[in-house]
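> predicted model, plus sequence, below.
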Amino acid sequence: MGVDALLRSNGVEYATVFPEHSSRHEGRRAPVIQGAQVARSVLLAGDRDYALAVIPRDRHLDLAAIEEEFGRRLRMAGTAEVARLFPGLPPRALPPITDGIQLETFVDQSLVPLSAVYFETASPRRLVRIDGESFRGLLYGAWCGRISRAES
């Protein structure tokens, strides 16, 4: 299930955005979207289970912060693990926030107050925009904390 199907199945209204594609012939400029507004998901592995982290695209996951704040010792899942859990997911694509698989989810708190959030999709040039309220509703019940750090 892709991002579009996930959002449709949850009744979330969304818009497709191509931030790097300029529509010059239509007289419009491509929207400027900051990395802090783009949510990307990272599959994590524990001793016996998996979890998902949702962080801004312009930040790095901080595994030590997850352990300190939530008491979970996790590592980044390998590509074989991602392929087994999400068959058909394109190489180097990130797993969807939820895909019928119940994963404990951790959300970086910097995404929570945003008025709009963009999701990465399988296409590197395409983003999906939802309003902040829908984002919070979609991730209701997820753990929220400071789980990422600035890129160096």
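Perfect, thanks for sending it. Residues are numbered from 1 along each chain as shown.

> Leu63: what's it in contact with?
Listed by Cβ atoms under 8 Å, 6 or more residues apart in numbering, the contact set of Leu63 reads Leu44, Leu74, Arg75, Met76. Every residue, glycine included, has its C-beta placed from N, CA and C.

> just the helices in the chain please.
3-9, 63-70, 79-85, 132-138 (DSSP state H).

> mean pLDDT for those helices: which is lowest?
Among the helices of the chain, helix 3-9 carries the lowest mean pLDDT, at a mean of 78.

> in that helix, what's buried?
Within helix 3-9, the residues scored as buried using 16 or more other Cβ atoms under 10 Å are Val3, Leu6, Leu7.

> nearest to His60 among those?
Closest to His60 out of the buried residues of helix 3-9 is Val3 (22.1 Å), distances taken as Cβ to Cβ.

> wait, doesn't that closest one sit right on Leu127?
No. With contact defined as Cβ atoms under 8 Å, Val3 does not count as touching Leu127 (9.2 Å).

> now for those two: what residues contact both?
With Cβ under 8 Å, 6+ apart, Val3 and Leu127 have common neighbours Phe119, Glu120, Thr121.
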